[in-house]
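J.: turn this into a model:
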Amino acid sequence: MAGLPNTLLMVTLASNFGTFMLYMLSCVICIVAYQGHPNFKVMRHLLIPVFGVVANLTCMVFYLIGPFMGYGTKMEPLLALGIAGVWGIYGAIYFSRSSKATGRSTLIASRPVGS
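T.: Model prediction:
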């Protein structure tokens with residue numbers, strides 16, 4: 001039993017990875033959404049979100065290199081990344097299928113006139 005991966009740790013790490021991804025994507029959306037907006041503030045809409053993206057990328061990279069530096073075991077973080085990857089692929093397939101079923105396009109082909 002000691003050689004088997006710790007499932008509670010794996011689920012916790014997969015959940016944390018998802019949280020890091022969600023926060024990082026929120027920061028990217030903030031940067032993109034406020035580009036050219038009249039209320040754009042450099043500190044609030046660029047520097048803080050860039051710091052959030054860098055901090056979350058650092059945490060996610062530590063998932064990969066931390067166990068090889070002697071912090072914890074190697075099996076749980078890699079399996080947690082696998083769980084998060086499978087869940088992400090499933091989500092993308094579900095999103096594209098449900099969009100197609102409702103008649104909505106998944107990707108925007110061109111910008112509307114006047115933007």
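J.: enumerate every residue touching the spatially most central residue of the chain.
T.: In the chain, the centroid-proximal residue (CA atoms, centre = their mean) is residue 21; its distance is 2.1 Å. Taking CB atoms under 8 Å, 6 or more residues apart in numbering as the criterion, residue 21 is in contact with 56, 60, 84. (Each C-beta comes from the backbone N, C-alpha and C, glycine too.)
J.: just the buried ones from those residues?
T.: The neighbour count (16 or more other CB atoms under 10 Å) marks 56, 60, 84 as buried among the contacts of residue 21.
J.: in terms of helices and strands, where is the second one?
T.: The one in question is residue 60. Residue 60 belongs to helix 48-65 when assigned by DSSP states H and E.
J.: how far away from the center of its chain is that helix?
T.: 10 Å (CA atoms, centre = their mean, to the nearest Å).
J.: now that helix: buried residues?
T.: 49, 52, 53, 56, 59, 60, 63.
J.: can you give me the neighbour number for residue 76?
T.: 21 (other CB atoms under 10 Å).
J.: and the helix or strand where it lies, what does it pack onto?
T.: Counting by DSSP H and E, the element that carries residue 76 is helix 75-102. Using 3 or more CB pairs under 8 Å, 6 or more residues apart in numbering; DSSP states H and E as the contact test, the elements touching helix 75-102 are helix 7-34, helix 48-65.
J.: of the ones you listed, which approaches residue 91 most closely?
T.: Closest approach to residue 91 among the helices and strands packed on helix 75-102 is made by helix 7-34 (10.1 Å; CB to CB).
J.: chain center to the helix or strand just after the closest one, what's the gap?
T.: Using DSSP H and E, the helix or strand that follows helix 7-34 in sequence is helix 42. Centroid separation for helix 42 versus its chain: 24 Å, with CA atoms, centre = their mean.
J.: flag the shaky bits of the chain, pLDDT-wise.
T.: Residue ranges of the chain with pLDDT under 70: 1-5, 111-115.
J.: about what we covered before: and which of the contacts of residue 21 is nearest to residue 101?
T.: Distances from residue 101 to the contacts of residue 21, taken by CB to CB, are shortest for residue 84, at 25.7 Å.
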